[in-house]
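> missing the sequence, but the structure's below:
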């Protein structure tokens, strides 16, 4: 009925997949593909008309650097990206996504404005940056290259069509797993690019946050960190939507839900704050940066030590033990920096980033596993007895 795997609230995990689910997946995939093809058709028209209007009077079209009164292929593709991606993302966000839990299709209250806005901004900025980098890389290989007008129109139109299909296909089915991968991709790319382009070779003797105000790296570092925080907020909203339903159905402690809610919001706000308030810019920015970074770290370390107490009976002993171990390693890493000074501050930050990321990944997986074990029929019955 709900189009997902169903099981009871017992500790046994179901390994069977209902026939309805198997039948629904090809239908959903076909709907998603058909939607993406329709969008690709519209973006084909947009790309073709735009290219024709801007290039029809030119004999030769430059690849990257436009002339005084003309447009380059790269510039046109950037404009197409800036226009096409937000429109598709806003209108097609999660049209064919089930979210990955028993509550996603039938019971979850889909308040998508946070995720819709976040993914729109992240994809628009990210794809625009990739477009510029890609065209610039070709320009470096073939400096000053020009193409006949017909080739310029064809390439711009092809780019617009592929961009439309790919964006529509991705955003219409985006799920928790997509969000996790997107967080990892944005964070790793943002840090790697910042490491490569920072102008101060001795940045690593200061802190990773130094990249947020250093010449060359500041814009990439700050935007990537803010994007990670916003995507994490979208992921947190998905979990909280499901846990709210379980709380109403008396299958998840209400106090635990409230603690999770404010804890997750604090962590996401802390991540955003690190990128939003660079260090050494002003006393106010320094203070807000430290509050964001330290507050996020404290919340996560406390969660590692107390997850079994905060949500009793929810997580298996194995995860509670692993979580406690993560907390001990974090505490030991902090001691190695402030005690014998074995770790410099950048090394401490990298270790903590790795530990936080791994723990958050496990936390999401175990929380989603708990949600997946619940019986939608039982939830619906209890909600009918105690409606919102």
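Received the coordinates, thanks. Here the structure is a predicted model, which is why all the values come from computation and not from measurement.
> where does the residue lying closest to residue 251 once chain neighbours are set aside land in three-state SS?
In space, and not counting its chain neighbours, residue 251 is closest to residue 374: 5.8 Å by CB to CB, 6 or more residues apart in numbering. Every C-beta, even on glycine, is put in place using the N, C-alpha and C of the backbone. Secondary structure for residue 374, judged by DSSP: H, G, I helix; E, B strand; the rest coil, is coil.
> same check, this time on residue 61
With three-state DSSP as the criterion, residue 61 reads strand.
> For this protein, which segments count as strands?
60-62, 146-148 (DSSP state E).
> and the residue nearest to residue 251, how many neighbours?
Other residues within reach of residue 374, judged by other CB atoms under 10 Å, total 23.
> Repeat that for residue 184.
14.
> ok, it to residue 368 distance?
Between residue 184 and residue 368 the computed distance is 17 Å (CB to CB, to the nearest Å).
> Can you say which of the strands of the chain is packed in most?
Most buried of those, by mean neighbour count (mean count of other CB atoms under 10 Å): strand 60-62, with a mean of 20.
> Pairing partners for that strand, with directions?
The strands beside strand 60-62 in its sheet (DSSP bridges) come out as strand 146-148 (antiparallel).
> you'd agree residue 60 is up against residue 150?
No - taking contacts as CB atoms under 8 Å, residue 60 lies outside contact range of residue 150: 10.6 Å.
> Flag the shaky bits of the stretch 101-250 of the chain, pLDDT-wise.
Within the stretch 101-250 of the chain, the ranges that satisfy pLDDT under 70 run 101-112.
> hey, where'd the helices end up in it?
113-141, 149-171, 176-197, 218-248 (DSSP state H, counting those that start in this stretch).
> can you redo those as CSV with distance to residue 79?
Shown next, in CSV, are the helices of the stretch 101-250 of the chain (distance: least, CB to CB, whole Å):
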stretch, distance to residue 79
helix 113-141, 10
helix 149-171, 10
helix 176-197, 23
helix 218-248, 20
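> winner for burial among the ones you listed?
Among the helices of the stretch 101-250 of the chain, helix 218-248 has the highest mean neighbour count (mean count of other CB under 10 Å), at a mean of 22.
> just to revisit the earlier point, out of the helices of the stretch 101-250 of the chain, nearest to residue 333?
Set against residue 333 and scored by CB to CB, the helices of the stretch 101-250 of the chain come closest in helix 176-197, at 18.6 Å.
> Pull up the gap between the residue nearest to residue 251 and residue 42, please.
Distance, residue 374 to residue 42, by CB to CB: 40 Å.
> Same check on residue 315?
As judged by CB to CB, residue 315 and residue 42 stand 47 Å apart.
> the more surrounded of those two?
Counted by other CB under 10 Å, residue 315 and residue 42 do not tie: residue 315 has more neighbours, with 20 against 16.
> Skip the chain neighbours and tell me the closest residue to that one.
Setting aside the residues directly before and after it, residue 315 is nearest to residue 366 in space (CB to CB, 6+ apart), at 5.5 Å.
> which phi and psi does the nearest residue to residue 280 once chain neighbours are set aside have?
The spatially closest residue to residue 280, leaving aside those adjacent along the chain, is residue 213, at 5.4 Å (CB to CB, 6+ apart). The phi/psi pair for residue 213 (degrees, to the nearest 10) reads phi -130, psi 0.
> cool, residue 375 as well?
Backbone geometry at residue 375, expressed as degrees, to the nearest 10, gives phi -90, psi 110.
> what's the burial count for it?
For residue 375, the tally of surrounding residues (other CB under 10 Å) stands at 16.
> What of residue 307?
A total of 25 residues lie near residue 307 under the criterion other CB under 10 Å.
> contacting residues around the residue nearest to it when sequence neighbours are not counted?
Sequence neighbours aside, residue 323 is the residue nearest to residue 307 in space, at 4.9 Å (criterion: CB to CB, 6+ apart). Residue 323 is in contact with 303, 304, 305, 307, 308, 315, 359, 362, 363, counting by CB atoms under 8 Å, 6 or more residues apart in numbering.
> Touching, the last one and residue 307? I think so.
Yes - with contacts defined as CB under 8 Å, residue 363 counts as touching residue 307 at a distance of 7.5 Å.
> per the record, what domains does the chain have?
As assigned by automatic domain parsing, the chain contains the domains 24-174, 195-378.
> Any chance of CSV for the ones you listed, columns distance to residue 188?
What follows is the domains of the chain, written out as CSV (distance: least, CB to CB, whole Å):
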stretch, distance to residue 188
domain 24-174, 13
domain 195-378, 9
